[in-house]
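K.L.:
From the sequence below, what's the structure:
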Amino acid sequence: MIAYSLPPPSVVVGLVGLEALYLLCVGRWRDRFPGANPVSRRQQAVFTAGIVVGFIALASPLDTLADNYLFTAHMLQHLLLTLGVAPVLLAGTPGWLLREVLAATRLTGFVRWARHPLIAFFGFNLVFALAHLPSIYEATLASEPLHGLEHIVFIATAFIMWMPVLSPIPDIAPRYPALGQVLYLFLQTVPASLVGALLAATSTPYYATYIAAPRVTSLSAIEDQQWGGLLMWVGSGLYFLIATGVVFFIWAAREEAADRRPVGAH
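P.N.:
So this is what the prediction gives:
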C-alpha cells in the first residue's frame, strides 16, 4: 500500500509564486522595465507549461514514489527537472526579464562565465553524476532541505547547460552557431547514458532506501534500479538525439531557403 503524502508547502508556494511573479512582470509591471517588449501569449504559455511540469515532478504522487518507493520514479523526476522544467522555463522567459533577474541577483558575471561550452557541459553532467553516488543520494533523501537544494541545483545547472541552444540574452550568453549546437547536443547523449548504463548493467542494488522500501510493484529492488538506469540511459539519450535532429533540420531548412533566395534579395 502506497502512503501518499502532501507535497512540501515550500514547493507549492515556490511554483505558484514563480508563475504569479512572471505573469506580473510580463503583464502589469512590464512598463517598469526599460526596453521590455510585449511577451506573446504563446511564450507565456510555454513558461506556464514549465511550471506545470514542475508540479508533476515535485508536487504530484510521483514525488512520493520517487522519495520512498521506486528508484525508477526518482529517475523520471530528475529527467523531468533537467530536460523538461529547465529548457521550457528558459524558452518561456523573454531576454529583458532574464537580464533583470540576473542583474538583481548579481549573477550576470557568473552566467557569462558559466555559459562557456566546457563549463556548461561538464558542470551539469558532473552534478548529475555525483548526485547518484549512493552516499550523496541517500543523504539528500534523508534531509528535506538538502533534497530541495539538490533540485534547485539540478534546475540551475540545467538552465546553464541549455543556454548555448536556447539563450534569449545574446549579449551575456550567446547561442552557439547551429552546427555547434548540433555537436553540443549530440555529446550530451554520452554522460547520462554512461551513468544509466552502469546502473542498468549491475546486479547489486546500491540504494538502501529502495532496498528497504515496500514492494509496490512486481519489481525487486535490483530490477527497479536496472529499469531506472535504463530510463536514464535510453530516455536521456533519445531525448538529446531528437533535440540534435531538430536543430540540424532547422539549420538545413534555413540553409536551403537561403540558397534559393535570389541574389541581391533581402
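K.L.:
quick one: low-confidence parts of the stretch 151-266 of the chain?
P.N.:
261-266 (pLDDT under 70).
K.L.:
for the helix or strand hosting Val190, which positions count as buried?
P.N.:
Using DSSP states H and E, the element containing Val190 is helix 189-201. Buried residues in helix 189-201, counted by 16 or more other C-beta atoms under 10 Å: 189, 191-193, 195-197, 199-200. Every C-beta, even on glycine, is put in place using the N, C-alpha and C of the backbone.
K.L.:
any idea which of these is closest to Trp113?
P.N.:
Pro191 (21.1 Å; C-beta to C-beta).
K.L.:
who's in contact with the closest residue to the closest one other than its chain neighbours?
P.N.:
Closest residue to Pro191 apart from its sequence neighbours, by C-beta to C-beta, 6 or more residues apart in numbering: Asn125 at 3.8 Å. Contacts for Asn125 (C-beta atoms under 8 Å, 6 or more residues apart in numbering) come out as 188, 191-192.
K.L.:
possible to save the buried residues of helix 189-201 as CSV with distance to Ala20?
P.N.:
Below are the buried residues of helix 189-201 laid out as CSV (distance: C-beta to C-beta, whole Å):
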residue, distance to Ala20
Thr189, 36
Pro191, 35
Ala192, 33
Ser193, 38
Val195, 36
Gly196, 36
Ala197, 41
Leu199, 38
Ala200, 41
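K.L.:
that older thread, please save the CA atoms from the helix holding Val190 in CSV.
P.N.:
Provided in CSV are the C-alpha atoms of helix 189-201 (Å, rounded to 0.1, in the frame of the first residue of the first chain):
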residue,chain,number,x,y,z
THR,A,189,23.9,11.9,-25.0
VAL,A,190,27.0,10.4,-23.6
PRO,A,191,27.4,11.2,-19.8
ALA,A,192,23.9,10.4,-18.6
SER,A,193,23.8,7.3,-20.8
LEU,A,194,27.0,6.1,-19.2
VAL,A,195,25.7,6.5,-15.7
GLY,A,196,22.4,4.9,-16.7
ALA,A,197,24.1,2.0,-18.4
LEU,A,198,26.2,1.3,-15.3
LEU,A,199,23.1,1.2,-13.2
ALA,A,200,21.2,-0.9,-15.7
ALA,A,201,24.0,-3.4,-16.0
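K.L.:
name the helices or strands packed onto that helix?
P.N.:
Contact analysis of helix 189-201 by 3 or more C-beta pairs under 8 Å, 6 or more residues apart in numbering; DSSP states H and E lists helix 117-130, helix 221-230, helix 236-260 as its packing neighbours.
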